[in-house]
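Colleague: this is a predicted model, with the sequence first.
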Amino acid sequence: MTRPLRVRFAPSPTGHLHVGNARTALFNWLLARGQGGTFILRIEDTDAERSTLVSEKSILEDLRWLGLDWDEGPDAGGPHGPYRQSERLQLYLSYARDLISRDKAYFCFCSPEQLEAERQAAFAASQPPKYSGRCRAISFDDASKRIAAGEAAAIRFRVPDARDVTFADIVRGDVTFNTNVIGDPVILRSDGRPAYNFAVVIDDALMEVTTVIRGEDHISNTPRQVLLYEALGFEPPQFAHLSLVMGPDHAPLSKRHGATSVAEFREQGILPEALVNYLTLLGWSPGEGQEILPAAEMARRFELANVSHSAAVFDTGKLAWMNRHYIKEADADRISAMALPSFLKRGFVAHETDLARQYIESLLPLAIGSVDLPSEIADRVAFVFDWRLDRAVALLSAEAEADGPRVIAALAEELWPLGPLTKETFRAAAGRVKDKTGLKGRALFHPIRVALTGLDSGPELDLSVPAIDRGAMLPSSAGVPPIPSCADRARTIADKLRG
C-alpha cells in the first residue's frame, strides 16, 4: 500500500538560510504542493553551542518571505511533534537503550585524543578515517561498571561487517557502499545529545516521512541511516540527493562569490517570486523552453525524476534578469515602497509622506524595464531631483552644437507661459520650437533633453518632462526638496547661454 506523501525540510538554526538550503526547502515544498502531500518543518537544534533562537526565527521568516508554508512544524504543531530536536532528547535516549539491549550498539569510552590520533594515522596511510572498533568487545556489564564509576561514554552503532548497502536514489539511481569503509558511528554522545545520523532516522521514521530530498553532501550518510532504519525496525523513505549549488568557478557557492543567503538577496531588493523561480531552475526545468512560471504552476509540473544530478551553477546575472521581469509585473505601490529608502539616502526625499510615496510611484514608468533592483530606480530618475546648470552647459559646449542656444531660447519662450506640462502640451511646444528654428531630429531634441534633464541620454522626454513638472508642483509638506520646473530650467540655461 502506498503511503501518503510526506516530505520535510530540517534546517539547523546556526546561521542564515543559505540559497542552497533554500532550494532544498523549495524542492520539498514543490513536491508536496504539486502532489497533495504534507510539508513538514523540523528544527535540528541539537548543536547547543551554535544553535540560536535568533537564527531559527530568521530561517522561518526567510521561508515565509519566499512563500513556502508548512503543514506541520514548531509553530504550526501537528500529530508528530515536538518539531525541535532539543525537545525530543528522551526519545533518542530510549531508542539508543533499545539498540544497546539488543547488542546492536555499544558503549564507547575513547577519548577525543585517541580518536584524533586514529584519524591522523588513517590520513598518514592515505586511508579514509574509520573508527577502529577499540570498544566493540567491552561487555555490557563491564561498561555499566565503568559508567557507574563516573567514566563518560558515548554510544556507537554496531555496523555489520563486509556487507554491501544499496539504496535507490530518485535522482542518481542505485548507490552502493560497503560497510568495511563505514565504521561504527556514534549515535549518542556522552552528554546525551544525539548524533545527526541517529536523530534524523528516528525523526523521519516517527514523522512518517516518505521522501527525503536533500543535498548530495548527505550521500555518504545514507548507508549508515539505512542500517539504522533496519536495526530499529523502520521502513526507510525514498531518497533524492540534489547536486550542490556552485559558483561561476564551479566551486561550492560561498561568500567569495557574493551574496549567498536569502536574507542578503532580500536586503538587495530581489523579489521573492524571482528568487523562487530562479532557484527552481537550478537542477530542474519545466520544459517547453519556459523559464518564467508562477510557483503554483511549477509545483504542478515538478517531478523528482526530472531533476538533474549535474552541478547547478548560480548565475547572478540570470537572477537579475528574472528580478527585472518580476519588478515590471509587480504592483507599483510595492515597488515604490522598496525604492523609497534609496530616495531617502540620496536626499531626493527628505522624509517619508504619502505624497512622496505617490510621487515616487508616478516616476516608476521612467525606470521600470531598465533596472534590476528597486534601489536602482533613484539613480535612473536622478535628473528629476538633481538638475545642475553647470552640467547642462558643459554638455552643450562639449557637443559644440551651434544651434543649441537657438533651440533653448525658443524653448524657454514657449514653456514660460504654459504652466505644468503634460505629454500633449510638451509635444505641442516642441512642435512650435521646431517651426521657429527649422530644426528636427537630434538637432532639435538633444538640446531640449540637455536643457531639461542635464543629461545627454535617458528616458523618453514624453515621460520625463511631465514627471519633472509634477515634482515642481509638490507642496513643501510632501517631504520632497524643491524641484525646478521645466520652464525654470529652460529659462535659466537660456539666460546663461545669452550671458
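Modeller: Noted; the coordinates are in hand.
Colleague: what stretches of the protein score poorly on pLDDT?
Modeller: For the chain, applying pLDDT under 70 flags the ranges 1, 258, 398-401, 499.
Colleague: the stretch 201-350 of the chain: strands as residue ranges?
Modeller: Counting by DSSP state E, counting those that start in this stretch, the stretch 201-350 of the chain has strands at residues 211-215, 238-242, 245-246, 312-313.
Colleague: please name whichever of those is nearest to residue 349.
Modeller: strand 245-246 (37.6 Å; Cβ to Cβ). C-beta coordinates here come from the backbone N, C-alpha and C atoms, glycine included.
Colleague: starting at the chain centroid, how far to the closest one?
Modeller: Centre-to-centre, strand 245-246 and its host chain are 13 Å apart (Cα atoms, centre = their mean, to the nearest Å).
Colleague: likewise stretch 315-332?
Modeller: Distance, centroid of stretch 315-332 to centroid of chain: 13 Å (Cα atoms, centre = their mean).
Colleague: could I get the buried residue list for that stretch?
Modeller: For stretch 315-332, a neighbour-count test (16 or more other Cβ atoms under 10 Å) marks 316, 319, 320, 322, 323, 324, 325, 326, 327, 330 as buried.
Colleague: picking up where we left off before, any chance of the strands of the stretch 201-350 of the chain in JSON lines, with distance to residue 36 and mean neighbour count too?
Modeller: Output for those, formatted as JSON lines (distance: least, Cβ to Cβ, whole Å; neighbours: other Cβ atoms under 10 Å):
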{"stretch": "strand 211-215", "distance to residue 36": "13", "mean neighbour count": "21"}
{"stretch": "strand 238-242", "distance to residue 36": "17", "mean neighbour count": "21"}
{"stretch": "strand 245-246", "distance to residue 36": "28", "mean neighbour count": "21"}
{"stretch": "strand 312-313", "distance to residue 36": "27", "mean neighbour count": "18"}
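Colleague: any chance of the ones you listed in JSON lines with distance to residue 299 as columns?
Modeller: Listed next are the strands of the stretch 201-350 of the chain as JSON lines, based on distance: least, Cβ to Cβ, whole Å:
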{"stretch": "strand 211-215", "distance to residue 299": "14"}
{"stretch": "strand 238-242", "distance to residue 299": "16"}
{"stretch": "strand 245-246", "distance to residue 299": "20"}
{"stretch": "strand 312-313", "distance to residue 299": "19"}
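Colleague: quick one: closest of these to residue 197.
Modeller: It's strand 211-215; of these, that one is closest to residue 197 (Cβ to Cβ) at 12.5 Å.
Colleague: elements contacting the closest one?
Modeller: strand 6-9, helix 19-34, strand 238-242 (3 or more Cβ pairs under 8 Å, 6 or more residues apart in numbering; DSSP states H and E).
Colleague: cutoff 10 Å now
Modeller: Packed against strand 211-215 by the contact rule (3 or more Cβ pairs under 10 Å, 6 or more residues apart in numbering; DSSP states H and E) you find strand 6-9, helix 19-34, helix 196-206, helix 222-232, strand 238-242.
Colleague: which one of these lies closest to residue 393?
Modeller: Residue 393 lies closest to helix 19-34 among these, at 48.2 Å (Cβ to Cβ).
Colleague: picking that back up, now, which of the buried residues of stretch 315-332 sits nearest residue 232?
Modeller: So of the buried residues of stretch 315-332, ranked by how close each gets to residue 232 (Cβ to Cβ), first place is residue 319, at 42.5 Å.
Colleague: follow-up on the earlier one: I'd like the helices and strands packed on strand 211-215 laid out as JSON lines, including distance to residue 88.
Modeller: Listed next are those as JSON lines, based on distance: least, Cβ to Cβ, whole Å:
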{"stretch": "strand 6-9", "distance to residue 88": "14"}
{"stretch": "helix 19-34", "distance to residue 88": "20"}
{"stretch": "helix 196-206", "distance to residue 88": "7"}
{"stretch": "helix 222-232", "distance to residue 88": "15"}
{"stretch": "strand 238-242", "distance to residue 88": "22"}
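Colleague: of all those, which lies closest to residue 412?
Modeller: For residue 412, the closest of these is helix 19-34, at 53.8 Å, according to Cβ to Cβ.
Colleague: after that closest one comes which helix or strand?
Modeller: Counting by DSSP states H and E, the next helix or strand C-terminal to helix 19-34 is strand 38-41.
Colleague: list the buried residues in whichever helix or strand comes after that following strand.
Modeller: Later in the chain than strand 38-41, the nearest helix or strand by DSSP H and E is helix 53-66. Within helix 53-66, the residues that count as buried by 16+ other Cβ under 10 Å are 55, 56, 58, 59, 60, 62, 63, 66.
Colleague: tell me what helix 53-66 is packed against?
Modeller: By 3+ Cβ pairs under 10 Å, 6+ apart, helix 53-66 packs against helix 19-34, strand 38-41, helix 262-268, helix 272-280.
Colleague: from the chain's centroid, how far away is the first one?
Modeller: Think helix 19-34. On Cα atoms, centre = their mean, the centre of helix 19-34 falls 12 Å from that of its chain.
Colleague: for residue 418, what are phi and psi?
Modeller: Here is the backbone geometry of residue 418 (degrees, to the nearest 10): phi -80, psi -30.
Colleague: name the nearest residue to it, ignoring sequence neighbours.
Modeller: Spatial nearest neighbour of residue 418, chain neighbours left out: residue 425 (5.9 Å); criterion: Cβ to Cβ, 6 or more residues apart in numbering.
Colleague: same question for residue 300.
Modeller: residue 34 (5.4 Å).
Colleague: hang on, the one you found packs against residue 286?
Modeller: No: Residue 34 lies out of contact with residue 286 (Cβ atoms under 10 Å); the separation is 11.5 Å.
Colleague: quick check: neighbours shared by these two?
Modeller: 297, 298, 300, 301, 302 (Cβ atoms under 10 Å, 6 or more residues apart in numbering).
Colleague: grab the nearest non-local neighbour of the fourth one.
Modeller: Right, residue 301. That would be residue 286: by Cβ to Cβ, 6+ apart, it lies 5.0 Å from residue 301.
Colleague: burial of the one you found, as a residue count?
Modeller: 18 (other Cβ atoms under 10 Å).
Colleague: what's the spacing between the residue nearest to residue 300 and residue 69?
Modeller: 14 Å (Cβ to Cβ, to the nearest Å).
Colleague: neighbour count winner among these two?
Modeller: Comparing residue 34 with residue 69 by neighbour count (other Cβ under 10 Å), the higher total belongs to residue 34, at 17 against 14.
Colleague: need the residues that contact stretch 90-105.
Modeller: 46, 82, 85, 106-107, 140, 143-144, 154-160, 184, 186-188, 192-195, 198-199, 201-203, 205-206, 227-228, 230-234.
Colleague: list buried members of those residues by neighbour count.
Modeller: Buried, going by 16+ other Cβ under 10 Å: 46, 85, 106-107, 143, 154-159, 184, 186-188, 193-195, 198-199, 201-203, 205, 227-228, 231-232, 234, out of the contacts of stretch 90-105.
Colleague: closest to residue 365 out of the helices and strands packed on strand 211-215?
Modeller: Per Cβ to Cβ, nearest to residue 365 of these: helix 19-34, 31.8 Å.
Colleague: and residue 176, what are its phi and psi?
Modeller: The phi/psi pair for residue 176 (degrees, to the nearest 10) is phi -130, psi 140.
Colleague: just checking, it touches residue 219?
Modeller: No: the pair residue 176 and residue 219 does not pass the contact test of Cβ under 10 Å, sitting 11.3 Å apart.
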